[in-house]
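Chemist: only geometry, no sequence info:
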């Protein structure tokens, strides 16, 4: 290639590079103008980023807490459970599930929970979907009835995909509700079974009868 052609090619490349720089500069100016005019968008995005970060931190802390519970063990007396607020009762059930080996036990109760207050997989891979009913007056309070179990039955498997769908209460469960639970393969943890579980002698999947078979072989210890 002759020197003239090389200079011409070099000039063309320089012009292209300058053109690209001009386009980039114009784009940056436009972006800056848009950001200046819509500063509130950055505020909203920053707020959402903080919410996501807070959620991630909460999950990490919760997982560490669950791991500590598995190591240290956890027990509750019926008196302690009776004195709890209903939200604290749900947290206690979550913690008991974690104590027994559920690595993803989660309290999800509240508005829009679709009948599930606590969820988590046991060491054999079964997903537990639990609804909690706390009674301030314990056995003297109103019994858990069929309508409450119907709500759990309507979402436990179809919506949440539970392998084991259970109702946990510190009170009592009515006879009609017990019959409905048997017909729909729902598991009931009444005050008597709750006391056994909370004492920590055995995990819930060893206390309840007729639990579905495991999804995967048990882990060797």
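Modeler: Perfect, I can see it now. This one's a predicted model, so the numbers in the text were calculated from it and none came from an experiment. Numbering: from 1, shown residues only.

Chemist: Domains in this protein, by residue range?
Modeler: Domain assignment for the chain by automatic domain parsing gives 3-56, 75-207.

Chemist: Go through these and name the closest to residue 215.
Modeler: When the domains of the chain are compared by CB to CB, domain 75-207 sits nearest residue 215, at 3.3 Å. Using the backbone N, CA and C atoms, a C-beta is placed for each residue, glycine as well.

Chemist: Quick one: mean pLDDT over that closest one.
Modeler: Mean pLDDT, domain 75-207: 93.

Chemist: distance between it and the chain's centre?
Modeler: Chain-centre distance of domain 75-207: 15 Å, with CA atoms, centre = their mean, to the nearest Å.

Chemist: Present the domains of the chain as TSV; the columns should include distance to residue 214 and mean neighbour count.
Modeler: Formatted as TSV, the domains of the chain follow (distance: least, CB to CB, whole Å; neighbours: other CB atoms under 10 Å):
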stretch	distance to residue 214	mean neighbour count
domain 3-56	31	10
domain 75-207	3	18
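
Chemist: Those: which one's closest to residue 213?
Modeler: In terms of CB to CB, the element of these nearest to residue 213 is domain 75-207, at 8.3 Å.

Chemist: Would you state the strands of the chain in chain order?
Modeler: Ranges of strands within the chain are 106-107, 118-121, 127-133, 164-169, 187-189, based on DSSP state E.

Chemist: any chance of these in a markdown table, plus distance to residue 145?
Modeler: Below are the strands of the chain laid out as a markdown table (distance: least, CB to CB, whole Å):
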| stretch | distance to residue 145 |
| --- | --- |
| strand 106-107 | 24 |
| strand 118-121 | 20 |
| strand 127-133 | 10 |
| strand 164-169 | 11 |
| strand 187-189 | 12 |
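
Chemist: which stretch among those comes nearest residue 49?
Modeler: Across those, residue 49 has its closest neighbour in strand 106-107 (23.0 Å, CB to CB).

Chemist: What strands line up against that closest one, and which way round?
Modeler: If you go by DSSP bridges, strand 106-107 pairs up with strand 118-121 (antiparallel).

Chemist: Next, format the domains of the chain as CSV and append distance to residue 213.
Modeler: Converted to CSV, those look like this (distance: least, CB to CB, whole Å):
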stretch, distance to residue 213
domain 3-56, 34
domain 75-207, 8
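
Chemist: quick one: which of the strands of the chain is nearest residue 50?
Modeler: Of all the strands of the chain, strand 106-107 comes closest under CB to CB, at 21.9 Å.
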